[in-house]
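Colleague: Kindly return the folded structure for what I paste below:
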Amino acid sequence: MKSSQQSYIGKRFEFKYFLSPIEAKKVEAFLLTHARLTPDANSKDGAYIVNSLYFDTPFMEDYTDKDGSLLVRKKVRARMYDDCWHENLENVWLEVKHKKNMNIKKTRAKISGDTWRTFIKNNDPHMLLNTEEKEDQENIADIQNFAHTHIRQSYLPSTVVRYKRKAYLADFTSLVRITFDYDIEACRYENASHPHNLVPVSHQAVIMEVKFNDKLPWWFSHMLAQFNLQRTDFSKYRNSVAVLRGTQRIPISK
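Modeller: As a prediction, this is how the structure comes out:
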């Protein structure tokens, strides 16, 4: 993963769709033909690996908020793009993602592998407030946001989720980004350095995510109609925790 990757950060909408591998190939072909999508910088040679370490509170509040289908929720995670979490990471991205229904707002800041190792060794977010990685004011603010969020609710490293991603871009009134995520696997953080500990999560499904500001292009409604696509609230983190725990979704009172 190139360190110069553009971050798609801001107040955006996110729609998700649960596809079979065959459906995903057909939808992808439709989009490449009719929407003239272009691969993002990291997908020019095909799919790339995404590894996310999710943090959660001692009572797993972020997990239970999602499992209970609360409209307002958040995720605190670190992300890297190697095959597995190991001792020699070059860079790690710290993210805090807030979601209200289908609207998202995400902050994202890159830190060096050395800063990451110092932080994660004792899970000490206070040291992030004093880090010398201050390339610009936005990076400082995003690192501080991660640290303060972590401190307020005593976050702990919880679950690693790994998957393959193909990402595409489309120009409209604003940037539209469409990703296809597959081969989703998960393990507990303490087992993350051993890829054989990863267990399948999505049962060969493909999760298509569409992120956009304001409006979607004309071809989007055509795609939904042609392939009879329905939005889903599928969460990689929630489903990963559920699989690792062997549990099912919390029932919601009607």
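Colleague: Output the helix or strand where Ile49 lies in PDB with nothing but the alpha carbons.
Modeller: In the assignment (DSSP states H and E), Ile49 maps to strand 48-56. These are the backbone C-alpha positions of strand 48-56, laid out as PDB (Å, rounded to 0.1, in the frame of the first residue of the first chain):
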ATOM      1  CA  TYR A  48      -4.800  -5.400  -2.200                       C
ATOM      2  CA  ILE A  49      -4.900  -6.600   1.500                       C
ATOM      3  CA  VAL A  50      -6.500  -4.500   4.200                       C
ATOM      4  CA  ASN A  51      -5.800  -5.400   7.800                       C
ATOM      5  CA  SER A  52      -7.800  -3.500  10.500                       C
ATOM      6  CA  LEU A  53      -7.300  -3.800  14.200                       C
ATOM      7  CA  TYR A  54     -10.500  -2.700  16.000                       C
ATOM      8  CA  PHE A  55     -10.300  -1.300  19.500                       C
ATOM      9  CA  ASP A  56     -13.300  -1.600  21.800                       C
END
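Colleague: I'd like to know the average pLDDT value across it.
Modeller: Mean pLDDT, strand 48-56: 96.
Colleague: That strand pairs with which strands?
Modeller: strand 72-80 (antiparallel), strand 156-171 (antiparallel) (DSSP bridges).
Colleague: Tabulate those strands (CSV), appending mean pLDDT and distance to Leu229.
Modeller: For every residue, glycine as well, the C-beta is placed using N, CA and C. Output for those, formatted as CSV (pLDDT from 0 to 100; distance: least, Cβ to Cβ, whole Å):
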stretch, mean pLDDT, distance to Leu229
strand 72-80, 93, 24
strand 156-171, 94, 16
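Colleague: Now render these as a markdown table, adding mean neighbour count.
Modeller: Listed next are the strands paired with strand 48-56 as a markdown table, based on neighbours: other Cβ atoms under 10 Å:
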| stretch | mean neighbour count |
| --- | --- |
| strand 72-80 | 20 |
| strand 156-171 | 20 |
